[in-house]
Structure formats: structure tokens, C-alpha cells
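here is a sequence together with a model predicted from it:
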Amino acid sequence: MIRTRFAPSPNGPLHLGHAYAAVVAHDLARAAGGEFLVRIEDIDGTRSRPGLAAAFLADLAWLGLRWDGVVAHQSDRLDSYARAAGRLRDMGLLYPCTCTRAEVLAADPAMGPEGPVYPGTCRGRRDAPAGAAWRLDVAAALARTGPLTWIDAVAGPQSARPERLGDVVLVRKDAPASYHLAVTLDDAAQDITLVTRGADLFAATHIHRLLQALLDLPVPRWHHHGLLVEADGRKLAKRRGSPALADLRQVDATADGLALANSLREGQIPAGLSLAATLDGDP
Ligand code: GLU
Ligand code: ZN
């Protein structure tokens, strides 16, 4: 049984890019007689806005997308994140880091697929300072797991290369888990078999695959889809004229969400936008 998910973060309203992502995940599940789940990624306390989650569900319903089961919230799962972090810490794979962004940049770090790669300054630290972030020692983790592979339905088989992202933060100093840890645990907890999301998160999957091996989690398949972007290739942004779905409805009460979803499914890209297959093709 195929289970996909749509996992928006409530730090801003859904826009056309989200609508596209939701339609892709929904349709992949439905075409296979499977299930489509929704998860609200609301552990980013500083940026998450309450009330937006309810608006997300209204937007999905407007698009004609029905989801299965209960909507999951990351804020309900903090214990499970803390337990997994504890396990990794007991395995000796996490170390505390108190470096500021400025300190990291001053070390002239290599550039990775997600920006500067942490140069490992604090690797080997054994103390537990208050207010530290905790990073994964990727080399030590890989020594433990050996080589790993994963499969993207669009890009094909991949060799996991988590070292390209470096020693990522798994426990933030202001939150019990980073995106990487939370999303990996959540997809396992929701029995997701096909992780469906934008190609901007392709590189992150190398880390997620490593975490699955370390934490004995099932290994799903992935489907990284193209991204709706502004015609100039930049991210959708309200200030560049990309409306929120809620705005579309407000401007025109007869705006038809189902028609919008159908045109996205047929590959009709709204005027002024384009679909970027920004797959991370870097060897
Ligand atoms: N919450 C992430 C976002 O809104 C998506 C996470 C994922 O699909 O893995 O960009
Ligand atoms: Zn550090």
C-alpha cells in the first residue's frame, strides 16, 4: 500500500507551489489505491503561527483534496524526537556545538548543496553545555552503517552521500529536533512508503537515509517533484505577485479550487510561473 504525505510548515499561507506539491502527493497515492496523509510541521516555535494549520486544511479541501486519517502535528511528537536524540547520543554520534553562524563562516567552510558545510570545529566535544545545538558526526555514523543507497522515483537509484551536507544539526538549541530528525521520525511513524516533496529537499534525503539506518527505521522510496517557481527561476514570493491560495479565494469568491488543481495536474502552469526540475544532479 502506497502512503504519501503533504507536510507544510505553518510559517506562512499556502501558495500555488504548495498546491502543486499537495496535488502531486495526493494523486500518487490515489492512482495506486493508497493513502494521502497530512502533517503540520509546527515545531519551529519562533516562526509557526497558530491558526495557519486550520487554514491549510481549508485550502486542501478547496482544492478538492481529501486526506486519510488524522492530521499529525510535530508539536505532539517532541518526546519521540528527544528519545531518538538520546539514542544517537548514547551511540556517541552527537556532539554539542555552540558555534555562531559568523564563526562558521569565518572558518571559510566548503559550500554544500544546502549552503556552508559545518567545518567540524566542535567535533569530539564531550561536554554538554547549556544552550548548545547537537550535531551528527556524519563520518562516525557512516563508519557504523557502511554504504547506503536510496531510490528516487524520478531520478532513480542514489548512493547516499550525507557527507556532502556535513555534520548537520539534529537537536537545535531552540527546539527539540531539527527538520532532518523530525521529518525522518515522522515519516516512519506515519508509515509513509513514498516520501513526496519538492526537489529542493533532494539533498536532505542523504541525511535522512543515514538516520533511518542508525535508528533502525523502515526505508521508504522518495519522489522529489519539480518546483513551481517565478518565471525568472526564483522562489514564489508574495511580494513578486504570487498570491496565497486564500487570497485567490478572497479576490474572487467563485474561484474554483478544483479547476485549479485539475489544471496543475494537467501540467498547465499558471501565467508568470514555471516548473523547475531543480534536481540536485551533482555527482
Ligand atoms: N515542511 C517542509 C516545507 O514546508 C516540507 C518537509 C518535507 O516534505 O520533507 O517545506
Ligand atoms: Zn561548533
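Arrived safely. Ligands and ions are numbered 1, 2, ... in the order given.

can you list the residues of this structure near ligand 2?
Residues of the chain found near ligand 2 (C-beta under 5 Å from the ion) are 97, 99, 121-122. To be clear about C-beta, it is placed using only N, CA and C from the backbone, and glycine gets the same treatment.

let me know the pLDDT of the residue in the chain positioned nearest to ligand 1.
Residue of the chain nearest ligand 1, by C-beta to the nearest ligand atom: residue 197 (3.4 Å). Per-residue confidence at residue 197 stands at 97 (pLDDT).

surely residue 10 and residue 54 touch.
No - counting by C-beta atoms under 8 Å, residue 10 does not reach residue 54; the two are 9.4 Å apart.

these two: which is more packed in?
Between residue 10 and residue 54, residue 10 has the larger neighbour count (other C-beta atoms under 10 Å), namely 21 against 12.

residue farthest from the centroid of this protein?
Most distant from the centre of the chain: residue 254, at 32.7 Å, with distances by C-alpha atoms, centre = their mean.

now that one: which helix or strand?
Counting by DSSP states H and E, no helix or strand carries residue 254.

show residues contacting stretch 261-268.
16, 19-20, 23, 27, 63-65, 270, 275 (C-beta atoms under 8 Å, 6 or more residues apart in numbering).

out of those, which comes closest to ligand 2?
Nearest to ligand 2 among the contacts of stretch 261-268: residue 20, at 37.4 Å, using C-beta to the ion.

ranges for the strands of the protein?
3-6, 35-40, 72-73, 94-97, 111-112, 115-116, 133-136, 149-152, 156-159, 169-171, 194-198, 221-225, 227-230, 273-276 (DSSP state E).

spell out which parts of the stretch 101-250 of the chain neighbour ligand 1.
Neighbours of ligand 1 within the stretch 101-250 of the chain, by C-beta under 6 Å from any ligand atom: 183, 197, 201.

poorly predicted segments of the stretch 151-283 of the chain, please.
237-239, 278-283 (pLDDT under 70).

just the helices in it please.
For the stretch 151-283 of the chain, the helices defined by DSSP state H, counting those that start in this stretch occupy 179-189, 204-214, 245-251, 257-265.

most proximal residue of the stretch 151-283 of the chain with respect to ligand 2?
Across the stretch 151-283 of the chain, no residue is closer to ligand 2 than residue 167, which sits at 8.7 Å (C-beta to the ion).
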